[in-house]
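Chemist: Pasting the sequence and the predicted coordinates here, then a few questions.
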Amino acid sequence: MESSQIIHIGYPKTASTWLQNNFFNNISNIDFVDRRTTKEDFILSNSLDFDSNFLTDKYKNKSRILLSHELLVGGMIHTGGVNGILIKEFCLRLKSVFPNAQIVLFIRNQTDMIASAYNQYIKGGGTYGINKYLYQNTFDALNKYFFFSFKYLEYDKIIDLYKKEFGENNVYIYLHEEFSKDPKEFTKKLSEKFNFDTDFDKIDYTPLNIKYRKHLKTLFRITNIFYRKSVINKFNLFRFNKLYYKSKNTFNSLNKYKIFGSFQNTREILKEKNYKYICDYYKESNQRLISKHKLNEIKEYNYPL
């Protein structure tokens, strides 16, 4: 299968950075648009200034292109797609410039996704505990649309939207778990699917994101009150922003020592009550992934059903 326009839209926490830095940039028969350019063209621009005609003209001479940015699906998980507004806005932006594009979307078991997102929130400077991170929109009615939202991970609705705009046969859904199980085999199959001429000898399959140990994560949360960077939803006493990078480098170095505890699993990160709530919340959405979108393989990876 070969398309002149392929767009990888996310999700965050599904190996997007690895795909961009190790896989997509080693494909010789496509023009891979770097993530910074993609972000500037389709994510950062104000809706009132977005110029689809300008971008159509900009990309018209590229014979076969690949765009990739995990925020194209609607921004960071921490902000929940801003009540779905960014999800739909970015979709329509892409459609206005690439109406015949093929869309690639990676999904992940929501329990693992949320646990990973919370870890990333702490690494990004966050200070809230898991309960406030998940339910903070109940504490602030004015700003609730800019917080984490469970709706952001109702995958069936995102898939419905993109199939409506780009066509039933132009949206391809992949499981993060399939990639994680065997990255080499997965990338080979993906290359065959889209007729990528990939230089596999240049690909480094080392994982990029490493979890912090239990006690180190607690220390990280404490030091995060000393600076404002970089997540928007947090509590901070000071603004020693330069300390953020020094702290992060220090904790990365300390993470190898077992004295700072074990690596928590998903249930330990979320706490049992939240884990059960999340499983119950996504049952219907995930059942529609099977009945409507034929993603039967989610059963193998224990998606809430």
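Modeler: Cool, got the structure.
Chemist: who are the neighbours in contact with the nearest residue in space to residue 13 that is not next to it in sequence?
Modeler: Closest residue in space to residue 13, ignoring its immediate chain neighbours: residue 116 at 4.6 Å, by CB to CB, 6 or more residues apart in numbering. Where you see a C-beta, it was placed from the backbone N, CA and C, and this is true even at glycine. Taking CB atoms under 8 Å, 6 or more residues apart in numbering as the criterion, residue 116 is in contact with 13, 108, 209.
Chemist: among those, which ones are buried?
Modeler: 13, 108 (16 or more other CB atoms under 10 Å).
Chemist: how about the contacts of residue 116 in a markdown table, adding pLDDT and secondary structure?
Modeler: What follows is the contacts of residue 116, written out as a markdown table (pLDDT from 0 to 100; DSSP: H, G, I helix; E, B strand; the rest coil):
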| residue | pLDDT | secondary structure |
| --- | --- | --- |
| 13 | 95 | coil |
| 108 | 98 | coil |
| 209 | 72 | coil |
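Chemist: Turn the contacts of residue 116 into a markdown table, including distance to residue 69.
Modeler: Shown next, in a markdown table, are the contacts of residue 116 (distance: CB to CB, whole Å):
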| residue | distance to residue 69 |
| --- | --- |
| 13 | 14 |
| 108 | 17 |
| 209 | 17 |
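Chemist: List just the nearest of the contacts of residue 116 to residue 79.
Modeler: Closest to residue 79 out of the contacts of residue 116 is residue 13 (13.9 Å), distances taken as CB to CB.
Chemist: Run a quick check on that closest one versus residue 113, I expect a contact.
Modeler: Yes. The pair residue 13 and residue 113 passes the contact test of CB atoms under 8 Å, sitting 5.6 Å apart.
Chemist: so what's in contact with these two at the same time?
Modeler: By CB under 8 Å, 6+ apart, residue 13 and residue 113 have these common neighbours: residue 77.
Chemist: contacting residues for residue 283?
Modeler: When the contact criterion is CB under 8 Å, 6+ apart, the partners of residue 283 are 304, 305.
Chemist: Lovely, talk soon.
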